[in-house]
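Asks: Give me a model of this one.
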Amino acid sequence: MFKEFKDFIMTGNVIDFAVAVIMAGALGSVINSFVSKIAMPFVGHFAGGLDFADMKVVLDEAVVGADGKITKPENAIMYGEWINTIINLLIVGFVMFLIVKAYNKTKKPPVEEAPAGPPANEVLLAEIRDLLKK
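Replies: The predicted structure follows:
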């Protein structure tokens, strides 16, 4: 059983998959950093300086005690964070689209083989036919 597991792990497909997962994690970190640190400030700027994360619908206000401590926290629907998540998804999807498009441009187009001529026996038969016609 150990030998079968070793053979399975050492196949090229599993190793390629492991490398792909690690690279996807690293690329995901880069893209998420790009979105949160570069793209979202532009979105906030063009939205009039609005930070979507602050948008919410308060269901129950927070209750503050006489000593100034919150005795019951606020209960709110934080729909602004959901909007941020959707915007992040759209930006990440667009960046991934650009990466895949650039990658596809680097790949060489498949070389089309010239159509093979007819087999030698058909060429010989065609020559015989032409000679017989004369």
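
Asks: a helix runs through residue 36, doesn't it?
Replies: Yes. Assigned with DSSP: H, G, I helix; E, B strand; the rest coil, residue 36 falls within a helix.

Asks: Now it: closest residue in space, sequence neighbours ignored.
Replies: residue 88 (7.4 Å; CB to CB, 6 or more residues apart in numbering). The C-beta positions use only the backbone N, C-alpha and C, and glycine is treated the same way.

Asks: Tell me the buried residues in whichever strand or helix holds that neighbour?
Replies: Using DSSP states H and E, the element containing residue 88 is helix 79-106. Neighbour-count burial for helix 79-106, with 16 or more other CB atoms under 10 Å as criterion, is recorded at 80, 83-84, 87-88, 91-92, 95.

Asks: any idea how far residue 87 is from the residue nearest to the spatial centre of the chain?
Replies: By CA atoms, centre = their mean, the chain has its centre lying nearest to residue 96, at 4.6 Å. Look at residue 96 and residue 87: by CB to CB, to the nearest Å, they are 15 Å apart.

Asks: how about the buried residues of helix 79-106 in CSV, adding distance to residue 56 and pLDDT?
Replies: Formatted as CSV, the buried residues of helix 79-106 follow (distance: CB to CB, whole Å; pLDDT from 0 to 100):
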residue, distance to residue 56, pLDDT
80, 6, 85
83, 11, 85
84, 12, 82
87, 16, 83
88, 18, 81
91, 22, 82
92, 24, 80
95, 28, 80
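
Asks: and which of those residues is nearest residue 4?
Replies: residue 92 (38.9 Å; CB to CB).

Asks: The closest one touches residue 29, doesn't it?
Replies: No. Counting by CB atoms under 8 Å, residue 92 stays clear of residue 29, with 11.6 Å between them.

Asks: quick one, strands of the protein?
Replies: Counting by DSSP state E, residue ranges of the strands within the chain are 57-60, 63-64, 70-72, 75-77.

Asks: Can you check which of these gets nearest to residue 120?
Replies: strand 75-77 (78.6 Å).

Asks: which strands and helices sit next to the closest one?
Replies: Judged by 3 or more CB pairs under 8 Å, 6 or more residues apart in numbering; DSSP states H and E, the packing partners of strand 75-77 are strand 57-60.

Asks: I'm done for today, thanks for sticking with me.
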